[in-house]
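Student: Sequence first, then the predicted structure, then my questions.
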Amino acid sequence: MLDESLLDAPEALARADTRGLLRGAAEAGARVRTAARHAAEAGIGDLKPDGRPRAVMVAGPGAAGSCTADLLGALSGGNCPVSLIAPTGVAPAPGALRWTLPGWAGPLDLLVVATPDGTEPGLPRLVEQAYRRGCAIVSVAPGQSPLADAVAQARGLMVPLAAAPYGSAPYATGGYAADGYGTDPHRGYPHAPGAPGTEDTALAEGALGDAPAPYGTPSVPQPVEPPGTAPDEMTGPALPGTLWALLTPLLLLVDRIGLVSAPPTALQQVADRLDQVAERCGPAIATYTNPAKTLAAELAGALPLLWTEGPVAAATGRRFSELLAALAGRPALVAELPGALAAHGALLTGAFAGGADPDDFFRDRVEEPEALRARIVLLHDEPVGPISAVPTARELALAHETAFSELEPAEGTPLESAAELLAITDFAAVYLALASPDRT
């Protein structure tokens, strides 16, 4: 059972949040701004691409690679194939992971390496493979790391990972010293030098140079950040905040090469939307007006069936499922509409059905744990239209007496929709993890 009283006790939440998950979720907007500044200083804006790459290959440990590839593919709209290079190895440990380029990779392709750690031995080897094949290479990782050195030697473009600007989160509560929304003097885009968490450090050379791929020659020196900014994310989920630190420079990159429309002004809107969600979903906001806390409470004791419509919603659903498993220890099933109606239909009529076991009302819930029931969570990234399967999903849930929740972002660009859906589900997964008595 979920400790719902904890959800409305901000100071207790702060004490339970020993990993700083809520702070990380609230700082996502600030991470976007800092990451955009780092990308500009690394020279992404100076790239002069000679057309689109044939394919974009994404590599990284855990969800740093998989979520980045998934979201880039969803946002690209099929303009260019985006594929994940999944690691192999005997254990989910950085030293045991290995990456191998596909046989078809060559000079027409782009390799993107995204990691919050940068010490994985397999990634420099992958960079070396890509250099020998003539691929263009771009990496987002801590600036002072073995991976950064390998990318520099391969004449690739290295963007330092944006560290968390603690203290600039757009909510304040017990345990978190933060400025209120709109009062942070460093909320401009990009951060001015000297802003909290964005100190300019030593500059390091490293750019595409005369790399064997048509992405120009940026001449701007690169700031560096200390390695290991998120050591608990080496092979696990990209925690709230870190995902945007990895994704933002890559969005600016794919904007330059014509895959996704993500200019600096669009990323400013993304950062603002993330701040707005942090305002609505912060720990000081009561459950009845907090969409993330409400969703967490609704998923307590439920088997979530995450039904999605639209590519951005589908990527969000897969990430939400991963976070629920990794942070809260809760299983969830993901499927895209309309196929979800058939794929999960049996779960609405079997043992997990909302109306199953009519004697359940008289069961002694003190002596016997409550039965797990299916709950549909509808995620869609656009308003419901005439050819949408969402109304059918609602009707099916009502017909089978199955509870359902629904998330639809406010009007905006696909990037803003992705930001809102990701932020709300990130907060919900964190609240479910913190308020579950069986989790630490």
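Tutor: Alright, I've got the coordinates.

Student: What are the buried residues along stretch 384-397?
Tutor: Neighbour-count burial for stretch 384-397, counted by 16 or more other C-beta atoms under 10 Å, picks out S388, A389, V390, A393, L396, A397. For glycine as for every other residue, the C-beta is placed from the backbone atoms N, C-alpha and C.

Student: Helix, strand or coil: sort out the residue nearest to G241 when sequence neighbours are not counted for me.
Tutor: Leaving aside its sequence neighbours, G241 sits nearest to G24 (C-beta to C-beta, 6 or more residues apart in numbering; 3.7 Å). At G24, secondary structure determined by DSSP: H, G, I helix; E, B strand; the rest coil is helix.

Student: shaky segments in the stretch 151-300 of the chain?
Tutor: The model of the stretch 151-300 of the chain has pLDDT under 70 over residues 164-238.

Student: now the helices for it?
Tutor: Assigned by DSSP state H, counting those that start in this stretch, the helices in the stretch 151-300 of the chain fall at 242-256, 264-281, 291-299.

Student: who does the shortest one touch, helix- and strand-wise?
Tutor: Pointing back at helix 291-299 there. Applying 3 or more C-beta pairs under 8 Å, 6 or more residues apart in numbering; DSSP states H and E, one finds that helix 291-299 makes contact with helix 4-7, helix 264-281, strand 373-380, strand 404-407, helix 414-435.

Student: I'd guessed the residue nearest to G241 sits against L243; true?
Tutor: No. The pair G24 / L243 is not scored as a contact, 9.6 Å apart, by C-beta atoms under 8 Å.

Student: Can you classify K48 by secondary structure?
Tutor: Secondary structure for K48, judged by three-state DSSP, is coil.

Student: what's the pLDDT at it?
Tutor: Turning to K48, the model gives it a pLDDT of 82.

Student: cool, and V366?
Tutor: Predicted confidence (pLDDT) for V366: 53.

Student: before we move on, the earlier item: pull the number of nearby residues for the residue nearest to G241.
Tutor: Number of residues near G24 (other C-beta atoms under 10 Å) recorded here: 25.

Student: Run a quick neighbour tally on E411.
Tutor: By other C-beta under 10 Å, 9 other residues sit near E411.

Student: and it, what helix or strand is that in?
Tutor: Remark: E411 resides in no helix or strand, with elements defined by DSSP states H and E.

Student: Now it. Its backbone dihedrals?
Tutor: With angles defined as degrees, to the nearest 10, E411 sits at phi -60, psi 140.

Student: where does the closest residue to it other than its chain neighbours fall, phi/psi-wise?
Tutor: Excluding its sequence neighbours, the residue lying closest to E411 (C-beta to C-beta, 6+ apart) is P383, at 7.8 Å. Phi and psi for P383, reported as degrees, to the nearest 10, are phi -60, psi 150.

Student: Report pLDDT for A353.
Tutor: 82.

Student: now swap in G310 and tell me
Tutor: G310 is assigned a pLDDT of 95 by the prediction.

Student: E370 now?
Tutor: pLDDT recorded at E370 is 66.

Student: rewinding a little: out of the helices and strands packed on helix 291-299, deepest packed?
Tutor: helix 414-435 (a mean of 26; mean count of other C-beta atoms under 10 Å).

Student: before we move on, back to that, quick one: which of the buried residues of stretch 384-397 is nearest S5?
Tutor: When the buried residues of stretch 384-397 are compared for distance to S5 (C-beta to C-beta), A397 wins out at 28.6 Å.

Student: on that earlier part again, would you reformat the helices of the stretch 151-300 of the chain as a markdown table and include distance to A154?
Tutor: Output for those, formatted as a markdown table (distance: least, C-beta to C-beta, whole Å):
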| stretch | distance to A154 |
| --- | --- |
| helix 242-256 | 16 |
| helix 264-281 | 27 |
| helix 291-299 | 41 |
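
Student: ok so, going back, distance to A163 added to the helices and strands packed on helix 291-299, as JSON lines?
Tutor: Putting the helices and strands packed on helix 291-299 into JSON lines (distance: least, C-beta to C-beta, whole Å) gives the following:
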{"stretch": "helix 4-7", "distance to A163": "29"}
{"stretch": "helix 264-281", "distance to A163": "16"}
{"stretch": "strand 373-380", "distance to A163": "30"}
{"stretch": "strand 404-407", "distance to A163": "30"}
{"stretch": "helix 414-435", "distance to A163": "19"}
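
Student: Of all these, which one is nearest L97?
Tutor: The nearest among the helices and strands packed on helix 291-299, by C-beta to C-beta, is helix 414-435 at 24.3 Å.
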